[in-house]
Structures are given as C-alpha cells and as structure tokens.
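> Sequence and predicted structure below; questions after.
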Amino acid sequence: MVRCMERAPVKDNQADSDGMYVDVNGRRLRCGHTTGTCAAAASKMAAYILLGGEAGPTVDVVTPNGARLTLGVEDVRVSADAVSCAVRKDGGDDIDATHGMLIYSTVARRADGRVVVEGGEGIGRVTRGGLDQPVGEAAINSVPRRMITEALEWARSELGHPGGLTATISAPEGEAVSKRTFNPRLGIVGGISIIGTSGIVEPMSESALVDTIKVELRVRRAAGDDYVLVVPGNYGKDFWEGSEGAEGGDAVKCSNFVGDTIDMAALLGFKGLLLVGNLGKAVKLAGGVMNTHSRWADCRMEILSANSALAGAGPGVVGRIMSCVSTDEALDVLKGEGLMEATMGNVMARIAHHLSYRAGGMQAECIVFSTAHGRLGATPGADGLAERIRGQAR
C-alpha cells in the first residue's frame, strides 16, 4: 500500500505538507492535512496561549495515523477572555473545495471543569439523521472532535489548569465554500464539515489507486491465498474485526473500485472474493453499479425504494425513502414499517446476481452492514466463504 511518508523537517513558518509525500507511478505527490487536523492544531495553540504559554509561529500536532506535523499558525488574536488562532487547510496535491481556507479555533475558559467543542461561523449544522453527528450538532465529526479535545487536555495538563475549556471552531469562508460540496445534499446547512479520519490527505489518482489494489492482490495470491477479503475502507475492516469476530488486517481496501477489484481477483486466479461493506456503498451493487463513487452514480434511495415496494411498501413509504439523505435514515423508515428485513432480502438477492455476473467463474459474495443497525444481510455463500478466509489467515 502506498502511504504518505515523512521526508525532511519543515523550517520556519510553513505547514509540514512538504514533509510528507507519496510516490505514484514515478511522480512524487505532496500530502496535505485535513480540516480536522487544522482545527486541532489551532485549538492547541490557542489553549496554550490562553493558559499562559508563549505564542509561536508553528504548532506541533500528531495525527490519528501517527504522523507528526508542524503547522504554521496565523491570525493570533488575544483578548481578556479568549484566544483565537487559525491554521490553513492544505490539500497537498489532492486539492478540494476547502484547500487554502483558514480554520479558526477560539478557546475560552469555563467554570464547570468540562472540555467542550462547539461550531461557530462557517461550520455546518446537521439537520438530517444518519450522519456522524446528531441532528442539531455542529458538523464536526467524531475523530476531529477527539483530536480537538486531546489538544485542549494537553494544554490543561502542560500548564496545570484545573478548569474547563471551550473551543469554538469556525471558518469565515465556510458558508460560501459549502455550496461547492455535498453538504447541502446531505442535510448539513450553513457551512463546511470538519472531517478526517487519519488527519492526512493522501493524493492519489484513480489509476494509481487501481494499480495499488492490483499490487495487494498479487501479493496475496503469490503467498498462496485462494480467497480474499475486500473492504471499501476502515468501516468494513472494523466491522469484520468486531461483529464478524475475525482479524481484518489482511483485508484489501478497494475504495470505490469494486468492479475493478473483482476483475483483477478473477484474472489472478482467486477462487473466491468476499466484500464486507457499509450499505451506503454496497446498496449500489444491487443496481449493477460497480464504481460506488457518487460522481458515477448515487442511486441509493432509488434502489432501496424499488426493493421496498417489492417487499410491500406503499407509495407513502416509498416516497419517504426517496426523500432520505442517508441509508441509515432510510433503514429507520423501513424498520418502523416492519419492512427492513424483507427489503434487505431483496437487495441482497440483487447484489448476489450482479456480483456473480461480474465475477464469472470466481465466487463473489458480500456481507452488508450499517453502523446504526449492524449486520443487514449476506449473499448465500458469504458465511461459508468467510470461514474459508478465516481458515487461511496467517
């Protein structure tokens, strides 16, 4: 797997994006850092200054994947009651709508001893269910919230502050920039989301991603594996390790390239491929969509609506599902109507059909889950294939 690697330390007041890179097809691509990393770094410096520390031009932060970054601090503002700092988002060579934005954190003392993370100007609010945060909360996802909290706790410990702290995260350009993102479609209004699971933005072209998947499959086949576990990302790996009670470290991450991964596995001579994925991506397979990126197709609600109708849902229920913005929200509707099991039975049958057609003579199975609802279904041979994969685990 190609991952961002550290290079030389960064000097002066410059973000450490230049110190991390990936090599892709002979090209060196620069990594960046997420909005979550920006918010945590700004919070760390603001809290440090507020509690009596000396302001500096840079701040060190360790990301969830263990990378140590030195990021430039901008626009420090000190008042009697609070300190505000900003860190600039850097997408590296994977530039998105938030690239170059200043992410601010304003840290203030609080009397109740708690450490609290809030959203301010330019940070979206969640208005629909099924997202990382509850309805009404600022769209600051769980991992960035933890990073920000840890930054505040560090400052309290470092400077011996027994009281509480509040970090209010803001992005003055956030509301305007959010119109160029998927947030309005997802039910996040008024600004951007503060996101990131690893803290690092890893640039990678689609062809390079597919090449990386192929390399991983070749390694497994060369080691003698006849069966391969495939997951779109960390959610699938975590579900396999937790609910399925198996080691997931050897799972091949296929991202959105389900069809390409099946093709390559069949060509390499694997006997079976088991895909373990969240319904948000896996439901598209029931429509024969083998690249699950939203720019290729976003037919999640159409597929769930059609299969709910086959399960006996009336026009009103079908209409409610069509208006949902997340598959978990749609599952809540189906569960309330007593139709979730029947609908998922239909969905799994269609997934089995399309996987079998794509895989040719290779066995291809799927286990589908939801973070909120757990295991939702499996194709007929999935559990048997799962046992064979567990049996070959090294």
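Done, it's in. Numbering: from 1, shown residues only.
> Show me where this protein has its helices.
With helices called from DSSP state H, the chain shows them at 35-50, 142-159, 174-178, 183-186, 206-222, 234-242, 258-268, 279-282, 300-310, 315-322, 327-336, 340-359, 382-392.
> so how far is the first one off the chain centroid?
Read that as helix 35-50. In terms of Cα atoms, centre = their mean, to the nearest Å, the centre of helix 35-50 is found 22 Å from the chain centre.
> That helix: which residues count as buried?
Within helix 35-50, the residues scored as buried using 16 or more other Cβ atoms under 10 Å are 35-50. Quick note: C-beta positions are derived from backbone N, CA and C, even for glycine.
> can you check the second one too?
Residues of helix 142-159 classed as buried under the neighbour-count rule (16+ other Cβ under 10 Å) are 143-145, 147-152, 154-156.
> Save the helices of the chain as JSON lines, and put in distance to Ile95 and mean pLDDT too.
Putting the helices of the chain into JSON lines (distance: least, Cβ to Cβ, whole Å; pLDDT from 0 to 100) gives the following:
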{"stretch": "helix 35-50", "distance to Ile95": "13", "mean pLDDT": "98"}
{"stretch": "helix 142-159", "distance to Ile95": "20", "mean pLDDT": "97"}
{"stretch": "helix 174-178", "distance to Ile95": "13", "mean pLDDT": "96"}
{"stretch": "helix 183-186", "distance to Ile95": "18", "mean pLDDT": "81"}
{"stretch": "helix 206-222", "distance to Ile95": "15", "mean pLDDT": "83"}
{"stretch": "helix 234-242", "distance to Ile95": "23", "mean pLDDT": "87"}
{"stretch": "helix 258-268", "distance to Ile95": "24", "mean pLDDT": "97"}
{"stretch": "helix 279-282", "distance to Ile95": "24", "mean pLDDT": "96"}
{"stretch": "helix 300-310", "distance to Ile95": "27", "mean pLDDT": "98"}
{"stretch": "helix 315-322", "distance to Ile95": "34", "mean pLDDT": "97"}
{"stretch": "helix 327-336", "distance to Ile95": "29", "mean pLDDT": "96"}
{"stretch": "helix 340-359", "distance to Ile95": "33", "mean pLDDT": "98"}
{"stretch": "helix 382-392", "distance to Ile95": "38", "mean pLDDT": "93"}
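> Would you confirm that Arg156 contacts Ala47?
Yes - with contact defined as Cβ atoms under 8 Å, Arg156 reaches Ala47; the gap is 7.5 Å.
> Overlap of the contact sets of those two?
Listed contacts common to Arg156 and Ala47 are Leu165; contacts here mean Cβ atoms under 8 Å, 6 or more residues apart in numbering.
> Ala171 and Ala382, how far apart?
In this view, Ala171 and Ala382 are 43 Å apart by Cβ to Cβ, to the nearest Å.
> actually Ser323, not the one I wrote
Distance from Ser323 to Ala382, by Cβ to Cβ: 31 Å.
> ok, the residue nearest to Cys38 when sequence neighbours are not counted - contacts?
Sequence neighbours aside, Ile103 is the residue nearest to Cys38 in space, at 3.8 Å (criterion: Cβ to Cβ, 6 or more residues apart in numbering). Ile103 makes contact with 35, 38-39, 42, 86-89, 169-171, 194, according to Cβ under 8 Å, 6+ apart.
> what about Ile103, distance to Ala40?
Distance from Ile103 to Ala40, counting by Cβ to Cβ: 10 Å.
> And Leu51, by the same measure?
The gap separating Leu51 from Ala40 is 17 Å, by Cβ to Cβ.
> Look up the closest residue to Met101, ignoring the ones flanking it.
Using Cβ to Cβ, 6+ apart and skipping residues adjacent in sequence, the residue nearest Met101 is Lys89, 4.8 Å away.
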